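1. Any chance you can model this:
(one chain, ligands or ions: 1)
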Amino acid sequence: MVAPSSTPVLSITALETDIGGSRILRGFDLKVDAGEVVALMGRNGVGKTTTLRSITGGLPVRAGNITLAGQPIHRLSADARARLGIGYVPQGRDIFPLLTVEENLRVGLVVHGIKGKAAASALGRVYDLFPVLKEMLSRKGGVLSGGQQQQLAIGRALLTNPKLLILDEPTEGIQPSIIDQIGDTLKKLKVSTRTEEEQTSEGRKEAAEIMEAVRKLREEHALAILLVEQYVDFCREVADRFYAMDRGTITASGAIAALTDEVVATHLQV
Ligand SMILES: Nc1ncnc2c1ncn2[C@@H]1O[C@H](COP(=O)(O)OP(=O)(O)OP(=O)(O)O)[C@@H](O)[C@H]1O
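-> Next up, the predicted model:
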């Protein structure tokens, strides 16, 4: 892991956001350093997606500051923020189901005006990270499994080589029954030493593939990653730190080792 520099990649202070006249975010601080994976956790409706949209520019901020590598961004357009280095994979992933994997990636290149050698190297980087995409270039996005679609969406967000990657519920769409089964096993799962039993379950394999990609991104690219995730074991596996959100503010935070069952019961369980 790359040592964090003194300026965080993302820094949020005293953030307040309203939706339709209601105060949704009630003033909190959050930061993500280079090379860090930070999980923003919380029950349904507490304001996690609103936080992400406040960072990306999808919602206007009422008060507070958001900086990217030290530069204030909270008054900039979403496009300007993306150009400065924010890659965003929204909930549901937003891939084009009728376009092939390759076309989905090429659309991403066109949208961001990436051409020639830069395009080839951006695609190469995505295929290195997600070899499964290279094997499926001519498949339609809509027929990929949930985990593969997630990899495609993350790959597309990485084409611009962002400083900060934001993921909204990356395990969503991987069968809940399978995610439930994974339970404690996932915590112990080391991708490099997957057992045969683990490999036989598609859901486990896909969750593991996404985890592996998140780890690789952190280690090889010194990316800062902020992920919204309700699946506690996934967070324990991939994140360095966590923030627990409740009713628009942060109620607990710390190193991932401090995400004890007691903290989960108090701050995160319904
Ligand atoms: N477009 C909207 N109009 C009105 N209220 C909204 C809108 N979007 C979100 N909200 C409200 O804002 C609050 C926070 O929503 P948000 O989507 O940020 O929560 P969340 O923590 O991401 O939950 P989930 O995991 O269910 O997506 C909720 O009470 C929600 O009802």
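2. Assess the claim that residue 82 and residue 157 are in contact.
-> No - contact criterion Cβ atoms under 8 Å: residue 82 and residue 157 do not qualify, at 9.4 Å. In this view, the C-beta of every residue, glycine as well, is placed from N, C-alpha and C.
3. Looking at these two, which is more packed in?
-> A count of neighbours by other Cβ atoms under 10 Å puts residue 157 above the other of residue 82 and residue 157, at 22 against 19.
4. rewinding a little: shared neighbours of residue 82 and residue 157, which are they?
-> The contact sets of residue 82 and residue 157 overlap at residue 88 (Cβ atoms under 8 Å, 6 or more residues apart in numbering).
5. where along this protein do the helices fall?
-> Assigned by DSSP state H, the chain shows helices spanning 48-56, 78-85, 101-111, 116-129, 131-135, 146-158, 176-188, 196-200, 202-221, 232-238, 261-263.
6. Mind listing what's buried along the fifth one?
-> Residues of helix 131-135 classed as buried under the neighbour-count rule (16 or more other Cβ atoms under 10 Å) are 132-133.
7. next one: that helix to chain centre, how far?
-> On the basis of Cα atoms, centre = their mean, to the nearest Å, helix 131-135 sits 20 Å off its chain's mean C-alpha point.
8. other SSEs contacting that helix?
-> helix 116-129, helix 146-158 (3 or more Cβ pairs under 8 Å, 6 or more residues apart in numbering; DSSP states H and E).
9. ok, of these, where does mean pLDDT dip lowest?
-> Lowest mean pLDDT within these: helix 146-158, a mean of 85.
10. what's in contact with that one?
-> With contacts defined as Cβ under 8 Å, 6+ apart, helix 146-158 is touched by 87-89, 93-95, 101, 104-105, 107-108, 122, 125-126, 129-130, 132-133, 136, 141, 144, 165, 167, 170, 172-175, 202-203, 205-207, 209-210, 213, 217.
11. Give me the pLDDT value at residue 256.
-> Listed pLDDT for residue 256 reads 95.
12. what's the answer for the one 3 residues further on, then?
-> The score at residue 259 is 95. That number is its pLDDT.
13. Quick check: chain neighbours aside, which residue is closest to it?
-> Nearest residue to residue 259, sequence neighbours excluded (Cβ to Cβ, 6 or more residues apart in numbering): residue 242, at 5.1 Å.
14. From what I see, the one you found and residue 42 are in contact.
-> No - counting by Cβ under 8 Å, residue 242 stays clear of residue 42, with 10.1 Å between them.
15. Can you pick out the residue with more neighbours from those two?
-> Set residue 242 next to residue 42 and count neighbours by other Cβ under 10 Å: residue 242 wins out with 27 against 23.
16. ok so, going back, will you turn the helices of the chain into TSV that also has distance to residue 254?
-> Output for those, formatted as TSV (distance: least, Cβ to Cβ, whole Å):
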stretch	distance to residue 254
helix 48-56	18
helix 78-85	26
helix 101-111	35
helix 116-129	29
helix 131-135	34
helix 146-158	26
helix 176-188	18
helix 196-200	29
helix 202-221	18
helix 232-238	12
helix 261-263	8
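17. Which of those helices comes out lowest on mean pLDDT?
-> What stands lowest among those, in mean pLDDT terms, is helix 176-188, with a mean of 39.
18. Now do the same contact list for the residue most central in space within the chain.
-> Nearest to the geometric centre of the chain sits residue 167, at 2.0 Å (Cα atoms, centre = their mean). If you count contacts by Cβ under 8 Å, 6+ apart, residue 167 has them with 89, 154, 225-229.
19. State the number of residues packed around residue 27.
-> A count of nearby residues for residue 27, using other Cβ under 10 Å, gives 16.
20. Done for today, thanks.
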